[in-house]
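Engineer: I'd like to go over a predicted model; first the sequence, then the structure.
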Protein chains: 2
Amino acid sequence: MTTGGRLRSGQVAAAAGVNQQTLRYYERRGLLNEPDRTPGGHRLYPAEAVTTLRVIKTAQRLGFTLDEVAELLEAGTHRHRRPDTGLRDRAHTKLTEVEARITGLQAIAATLRQALAAGCDDLLTCAAEQDCPLPFTDLANTGEAP
Amino acid sequence: MTTGGRLRSGQVAAAAGVNQQTLRYYERRGLLNEPDRTPGGHRLYPAEAVTTLRVIKTAQRLGFTLDEVAELLEAGTHRHRRPDTGLRDRAHTKLTEVEARITGLQAIAATLRQALAAGCDDLLTCAAEQDCPLPFTDLANTGEAP
DNA sequence: TTGCATCCGGTACCTGGGTACAGGCTTACC
DNA sequence: GGTAAGCCTGTACCCAGGTACCGGATGCAA
């Protein structure tokens, strides 16, 4: 009997386009189930692990943090029926966050365009003038801090 | 003779809405000039330091990193005439970056909306289906990773 | 001169998402 | 059974932009 079509960590990492240490990192973070081991202690992953990794990377690209991804994966598996669980709710929340980020960045872009249009060429000089469009005075953090 | 209208570090920090340790941090980073000292070693800032701090915070909100802000401030002061110096060039570059981030985030928002419209409610299940709009397959990092 | 607020330098820690390295073990193939 | 590739654990480090804490020194007013 062979290992039953299961994959070594290097194979999983290569198949998912991920560093091998990242696998163990995700395991520590609770994103990847602890796989079986060979008698010598080497990990043996089921083929689904590659899918899970793709899912993780996709969710990350959609703006979810690793903690959020862990919750999403857990929510999918054992369906505790607390409110606010479920991909739809979380996707909706995340969409709102993303839209807020876009709005903030658009404000930043507009300000940069104004500065370009006004021909500002030195921050400290501009800060001393009145017609400079740069918002030096409002220190409330209403913008994005990327 | 008093200290000549100059400010203690706590006063500067309060006036600029900034933590006091941040002042020393900026000094180390080269964003804030080293101020004079009292005979005992306490910093004495000129009033312009508050303006400089506002400028720093503004530039940060516009998407510049602290290193970039340091260069912008230095470029303003002693005008070395290398190319790509000057606020206008840098603002233009930064505007392009910000626009790219907006585009990436808009793609993310669109994908989230598609997932909501399709009614996906479990990532691992969706990944196994064909009509799921989530881009599980393309692992090339074309999106934003906020 | 005493008392208290403020400030000093140095160092360590935080978040988030990993990556790198060292030293030793396992597996696989010939 | 030898040898090379692969894997193991643990620890440390990276990025940026700060924040927190400590013991000790200063500044200022009564």
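Structural biologist: Ah, there it is. Residues are numbered from 1 along each chain as shown, chains lettered A, B, ... in the order given.

Engineer: give the next helix or strand downstream of the biggest helix by length in chain A.
Structural biologist: Of all the segments assigned as helix in chain A under DSSP state H, the longest by residue count is helix A:87-118. The element immediately downstream of helix A:87-118 (helix or strand, assigned by DSSP states H and E) is helix A:123-128.

Engineer: does the longest helix of chain A reach DNA strand C?
Structural biologist: No - no part of helix A:87-118 sits near DNA strand C under the criterion CB under 7 Å from any atom of the strand; the closest distance found is 12.3 Å. Every C-beta, even on glycine, is put in place using the N, C-alpha and C of the backbone.

Engineer: give me the residue at the spatial middle of chain A.
Structural biologist: Residue closest to the mean C-alpha point of chain A, counted by CA atoms, centre = their mean, is A:Q60 at 3.5 Å.

Engineer: hmm, that residue is touching A:L66, no?
Structural biologist: Yes - applying CB atoms under 8 Å, one finds A:Q60 in contact with A:L66, separated by 7.2 Å.

Engineer: if we can go back for a sec, next one, pLDDT for the residue nearest to the centre of chain A please.
Structural biologist: Confidence per residue is given as pLDDT, and for A:Q60 that number is 94.

Engineer: my reading is that it is in a helix; is that accurate?
Structural biologist: Yes - counting by DSSP: H, G, I helix; E, B strand; the rest coil, one finds A:Q60 located in a helix.

Engineer: number of nearby residues for the residue of chain A at minimum distance from DNA strand D?
Structural biologist: Proximity to DNA strand D, evaluated over chain A using CB to the nearest atom of the strand, is greatest for A:G10 at 2.3 Å. When neighbours are counted by other CB atoms under 10 Å in any protein chain shown, A:G10 registers 12.

Engineer: same deal with A:T103?
Structural biologist: One way to gauge burial is a neighbour count; for A:T103, by other CB under 10 Å, it gives 12.

Engineer: one more: the one 3 residues further on?
Structural biologist: In terms of burial, A:Q106 registers 14 neighbours under the definition other CB under 10 Å.

Engineer: kindly report the same for A:G119.
Structural biologist: A:G119 has 10 neighbouring residues, counting by other CB under 10 Å.

Engineer: same question, the one 10 residues further on
Structural biologist: Number of residues near A:E129 (other CB under 10 Å) recorded here: 10.

Engineer: does DNA strand D sit close to stretch A:99-116?
Structural biologist: No - applying CB under 7 Å from any atom of the strand, one finds stretch A:99-116 separated from DNA strand D by no less than 13.9 Å.

Engineer: so for that stretch, what gets flagged as buried?
Structural biologist: A:R101, A:I102, A:G104, A:L105, A:A107, A:I108, A:A109, A:T111, A:L112, A:A115, A:L116 (16 or more other CB atoms under 10 Å in any protein chain shown).

Engineer: wait, the second one touches B:A109, no?
Structural biologist: Yes - between A:I102 and B:A109 there is a contact under CB under 8 Å: 6.8 Å.

Engineer: check the gap between A:H42 and A:C120 for me.
Structural biologist: Summarising the geometry, the distance separating A:H42 from A:C120, computed by CB to CB, to the nearest Å, is 60 Å.

Engineer: also A:G40?
Structural biologist: Between A:G40 and A:C120 the distance, using CB to CB, works out to 65 Å.

Engineer: quick one: which of those two has more around it?
Structural biologist: When A:G40 and A:C120 are compared for neighbours, A:C120 comes out ahead with 22 against 5, by other CB under 10 Å.

Engineer: phi, psi for that one please.
Structural biologist: Here the main-chain torsion angles of A:C120 (degrees, to the nearest 10) amount to phi -60, psi 130.

Engineer: how about it: what's its closest non-neighbour residue?
Structural biologist: Distance criterion CB to CB, 6 or more residues apart in numbering or on different chains; nearest residue to A:C120, sequence neighbours excluded, is A:C126 at 4.6 Å.
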